[in-house]
Each structure stands twice: as C-alpha cells, then as structure tokens.
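# okay, here's the prediction I keep looking at, along with the sequence it came from:
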Amino acid sequence: KEKHPEKEEFIQAVEEFLPTLEPYLDEHTEVIEKNLLSLIVEPERLIQFRVPWQDDEGKWQVNRAYRVQYNSAIGPYKGGLRFHPTTNESIVRFLGFEQIFKNSLTGLPIGGGKGGSDFDPKGKSDAEVMRFCQSFMTEFQKHIGPDIDVPAGDIGVGGREIGFLFGQYKRLNGYAAGVLTGKPLNSWGSLARTEATGYGLVYFVQNALADRQDSLKDKKVVVSGSGNVSIYAIEKAQELGATVLTCSDSSGYIYDAEGIDLDLVKEIKEVHRGRIKDYLDTHTNATYVEGQPVWALKEPYDIALPCATQNEIDLELAHAIVNAGTKIVAEGANMPSSKEAIDCYNQHGLLYCPGKAANAGGVAVSALEMAQNSTRLPWTFEQVDSELKTIMKNIYTVCSETAAKYVEKDNLMVGANIAGFDRVIQAMLSQGLV
Ligand code: NDP
C-alpha cells in the first residue's frame with residue numbers, strides 16, 4: 001500500500017480477499033507450491049487508451065479509458081464498463097479482480113474483466129454521449145468479441161450508452177449481437193437484464209432469510225443510490241412486502257417513512273435524469289438530507305442494501321448501521337463496505353452478504369443474454385427471471401455450504417471467496433500452462 005498509493009482500491013480488494021482463503025489453502029497445498037496466487041492477482045492484459053471527442057460547441061475533449069482482461073480460465077472476459085470521473089486504473093483493477101470470482105459463483109462460463117473511462121455522462125447532451133461512445137468503441141473494438149471479451153454496463157453506463165457502443169461496433173465489424181450485453185431490447189438485449197442486479201440482490205436476501213425461517217414481509221429496508229441497481233432492488237423488496245425507507249444520490253438522501261414512491265424515483269432518474277431531491281416536489285412529507293449518506297440515518301431498520309458505490313460505508317457508518325438494529329447487510333454495489341466496516345458487522349453478529357455473491361444476478365443474466373444471442377432466440381421475461389431466481393438460490397447455497405465446511409455457516413464472505421476461487425483455480429490447473 002505504501003509502495004503503490006495510487007492502487008489503493010485494488011490493494012484493498014486483494015488484502016480483503018487473500019486471507020479468507022487460508023482454510024482452503026491449508027487443504028490445497030498445490031496452490032501455494034505452484035505459486036498460483038501470484039498468477040491470480042496479475043491481470044492477463046491491461047489496456048489503456050485515449051478517447052477524443054467533440055462537444056456541442058465544437059471543442060475537442062479527451063478522456064482516458066481502461067479495460068482489464070483479468071482472467072479467462074472459465075470463459076471469455078466479462079464485466080461492465082464504468083463512466084464516472086473517479087474511474088482510474090486502481091478502480092478498474094479492483095472491480096476486475098472481484099469480477100473473476102463473482103462470475104465463477106454464477107456457475108456460468110464467463111471469465112473476469114472490467115473497464116471504463118473518467119468521462120462523466122452527467123450533464124452531457126445525448127449527442128455528446130453518442131460521439132464519446134463512438135470514439136470509445138472505435139479503439140475498443142480491436143480488443144473485444146463474443147468469444148474474447150464481452151463488456152456490459154456499470155455506473156454511468158446504461159441502455160443508452162450500450163446502444164451507442166453497439167451501433168459503432170456494428171458499423172466497424174458487422175452485426176455480432178453477443179459482443180456486448182445490457183443492450184436495448186430492440187437490439188437483441190435480454191428481457192429482465194435491467195432488473196437483474198437489483199432483483200438478484202433481493203432474491204439472495206430472500207434465500208438467506210428463508211434459511212433462517214424468516215421473510216422480507218414487513219421488514220424495514222434502507223437502500224443507498226437511485227440508479228439501476230437501487231431502483232430494481234427497491235421494486236423487488238416492495239413486491240415481497242418490505243417497506244423501503246430511503247434512496248439517495250451523491251448529493252444527499254431521501255427518507256420517506258411511508259415507503260419510497262418508486263414510480264416517482266423512476267420518473268426522476270430514468271426519464272428526466274434529474275436529482276433525488278426533486279422527490280420533495282411531490283412528497284412534501286418526506287425528508288431530504290443534503291450532503292449525507294443514508295447510512296447516517298438514526299431510525300431503526302432491519303436490512304441495509306448499499307447499492308451506490310465502493311467504500312460508501314466506513315467504520316463510523318457501520319456503527320450507525322449496527323445501532324439502527326440492522327440484522328443483514330447485503331451489497332448491491334461492489335465493495336461498498338470498507339474492511340473495518342465488515343469487521344464491525346461480524347463483531348456485532350450481522351449477516352454480511354458480500355457483493356461478489358449478492359450482486360451477481362446482473363452478470364448472470366448478461367451470460368443468459370449471450371446464450372440468447374448465440375442461439376438467436378429471445379426468452380420471455382418469466383423465463384429469464386426464473387433462471388435468475390435459480391442462480392441466486394444456487395449462489396446462496398454454495399456460499400453457505402462452503403462457509404459451513406471451512407469456517408461457519410454464517411460467514412458468507414469466506415464461503416463466497418473460497419467457492420469462487422476454487423472453480424477458477426481448478427480450471428487454471430487443468431489447463432496446464434496458464
Ligand atoms: P448507476 O450509475 O445506475 O447508479 C449509481 C448510483 O449511485 C447513483 O444514484 C449515483 O448518484 C450513486 N453514486 C455513484 N457514485 C457515488 C458516490 N461517489 N457517492 C454517492 N453516491 C454515488 O450505477 P449502477 O446502479 O449500475 O451501479 C451501482 C453499483 O452497483 C456500483 O458499485 C456497480 O459497480 C454495482 N453493480 C452494478 C451492476 C449492474 O448490473 N448495473 C452489477 C453489479 C454491481 P449520482 O447520480 O449522484 O452519481
């Protein structure tokens with residue numbers, strides 16, 4: 001960490017991951033003997049390129065873009081693209097590293113990758129976003145393909161951006177539907193992909209609760225963010241009988257004791273691309289807290305679903321979560337809890353559901369989109385949703401059983417890390433020269 005301060009998030013992810021493998025490594029001594037841990041932390045390929053584009057005033061702008069093709073032992077590289085001003089090599093590396101094991105947990109044939117750019121789509125016109133995406137893809141298309149690397153969305157990259165990226169790929173290479181996932185439905189996207197990460201997160205929690213003879217009915221839930229993952233986590237939690245009290249963006253959070261009005265949030269975020277404080281224009285009884293994360297909330301609740309971004313919960317906020325009487329923290333975002341926050345949940349007996357397991361529904365449905373694109377046959381919403389439910393149940397079961405085998409059943413973090421790692425490392429070993 002001292003030697004590479006610029007790789008802070010990446011080192012954090014690796015430092016959180018490796019020690020949890022200890023009980024597995026005691027049994028599988030060949031992993032250390034063959035020095036495979038050194039291989040797993042080193043990306044197979046890391047690409048960086050510049051993206052020049054013209055703004056609406058005709059002025060040239062330039063952004064930096066990255067793709068880490070981390071590990072292809074179990075399939076083509078697969079993982080999202082993030083467009084956010086904070087995107088840098090460290091963030092892309094940490095996301096790519098986590099993605100290897102998340103993809104492995106889905107049980108589907110997808111390797112690990114991740115990418116993005118420090119471009120900020122917020123406040124840009126559709127034409128500017130289109131020109132940026134076209135320039136991005138003009139370079140990026142050299143490195144991807146349906147059997148090589150299949151990117152998808154992440155923060156700042158939704159259907160609009162994927163549509164523009166796909167259009168440019170097609171102009172340069174012809175129609176290859178399986179080269180990107182999260183595509184618009186009119187361009188061979190999959191039904192239920194938009195909903196998949198949020199729904200999958202709630203299915204994971206539903207399984208964890210069912211395993212403890214409990215359910216989401218009448219639970220109070222706190223959600224952070226108001227983007228793709230948050231919106232569909234709120235939708236499914238409400239459908240299963242929970243009351244969702246909050247949502248947020250990077251400017252502040254909304255608390256609505258009567259339960260979040262999701263139709264309104266969708267209109268603000270998906271139609272107008274507005275700010276969450278606009279919620280107050282319709283619901284004058286709700287509260288808006290400027291400049292604070294939802295995790296500072298003092299009201300009691302049962303389940304925390306962090307769905308915004310990495311490191312949104314530090315030790316102090318973790319204590320606030322514990323003090324609110326929370327029993328479960330399930331991560332929709334990638335690495336939203338710092339290491340100290342996770343230790344705090346564990347010390348206080350909360351059930352911690354790590355992102356690489358709990359938010360794997362998105363990439364799982366992306367893999368189902370690839371399957372539909374390969375066979376050129378679209379599936380119904382019900383078909384995809386039913387597969388998603390099965391996959392999330394299997395992920396919960398494998399995490400919980402692996403945890404029970406190596407440590408104790410409730411330690412889903414150790415269960416997820418070992419189960420995800422085992423599949424990748426066994427594939428690397430069986431393929432010989434990795
Ligand atoms: P979106 O861009 O749709 O939404 C992100 C939300 O988080 C917005 O409300 C945004 O607010 C908020 N946010 C972003 N950065 C910050 C910040 N620094 N502080 C506070 N709030 C912030 O992204 P997604 O919903 O797609 O992704 C959210 C998380 O889920 C990410 O960690 C992503 O990696 C993870 N994830 C996403 C998957 C997917 O399928 N989309 C799959 C698996 C994981 P604002 O508008 O103000 O920036």
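All right, it came through fine.

# for the ligand, what's the nearest residue on the chain?
Residue nearest to the ligand within the chain: residue 227 (1.8 Å; CB to the nearest ligand atom). Glycine gets a C-beta too; all of them are placed from N, C-alpha and C.

# that residue reaches residue 269, doesn't it?
Yes: assessed by CB atoms under 8 Å, residue 227 is found in contact with residue 269 at 7.0 Å.

# doesn't residue 229 fall inside a strand?
No: going by DSSP: H, G, I helix; E, B strand; the rest coil, the assignment for residue 229 is helix, not a strand.

# quick one: it and residue 359, what's the gap?
7 Å (CB to CB, to the nearest Å).

# what of residue 211?
Counting by CB to CB - residue 211 and residue 359 are separated by 19 Å.

# give me the more crowded residue out of these two.
residue 359 (29 against 14; other CB atoms under 10 Å).

# quick one: that one and residue 334 touch, right?
Yes: using CB under 8 Å, residue 359 is in contact with residue 334, at 7.0 Å.

# pLDDT of the helix or strand harbouring residue 372, averaged?
Following DSSP states H and E, one finds residue 372 within helix 361-375. Here helix 361-375 scores 98 as its mean pLDDT.

# one step back: tell me, how many residues neighbour the residue of the chain closest to the ligand?
The burial count for residue 227: 22, using other CB under 10 Å.

# try residue 220
Neighbours of residue 220 (other CB under 10 Å): 19.

# tell me the contacts of it?
242, 243, 245, 300, 301, 302, 303 (CB atoms under 8 Å, 6 or more residues apart in numbering).

# how much space separates the nearest residue to it once chain neighbours are set aside from residue 219?
Leaving aside its sequence neighbours, residue 220 sits nearest to residue 301 (CB to CB, 6 or more residues apart in numbering; 4.0 Å). The gap separating residue 301 from residue 219 is 8 Å, by CB to CB.

# tell me the secondary structure at the closest residue to residue 310 other than its chain neighbours.
Spatial nearest neighbour of residue 310, excluding adjacent residues (CB to CB, 6+ apart): residue 335 at 4.5 Å. The three-state assignment at residue 335 reads coil, by three-state DSSP.

# next one: residue 335 relative to residue 303, how far apart?
Distance from residue 335 to residue 303, counting by CB to CB: 19 Å.

# likewise for residue 139?
42 Å.

# try residue 333
Residue 333 is 15 Å from residue 303, by CB to CB.

# over to the residue nearest to residue 353 when sequence neighbours are not counted: give its phi and psi.
Residue nearest to residue 353 in three dimensions, not counting chain neighbours: residue 330, with 3.8 Å by CB to CB, 6+ apart. Torsion angles at residue 330 (phi, psi; degrees, to the nearest 10) stand at phi -120, psi 130.

# then the one 3 residues further on?
Per-residue torsions, residue 333: phi -80, psi 170 (degrees, to the nearest 10).

# from what I can see it touches residue 310, true?
Yes: assessed by CB under 8 Å, residue 333 is found in contact with residue 310 at 6.8 Å.

# who has more neighbours, these two?
residue 333 (26 against 22).

# chain neighbours aside, what residue packs nearest to residue 256?
residue 286 (4.0 Å).

# max-length strand in this structure?
strand 60-71 (DSSP state E).

# one step back: the residue nearest to residue 220: neighbouring residues, count only.
Residues lying near residue 301 (other CB under 10 Å) number 20.

# returning to that earlier point: check contacts around the residue nearest to residue 310.
Per CB under 8 Å, 6+ apart, neighbours of residue 335: 9, 12, 13, 16, 94, 98, 310, 311, 355.
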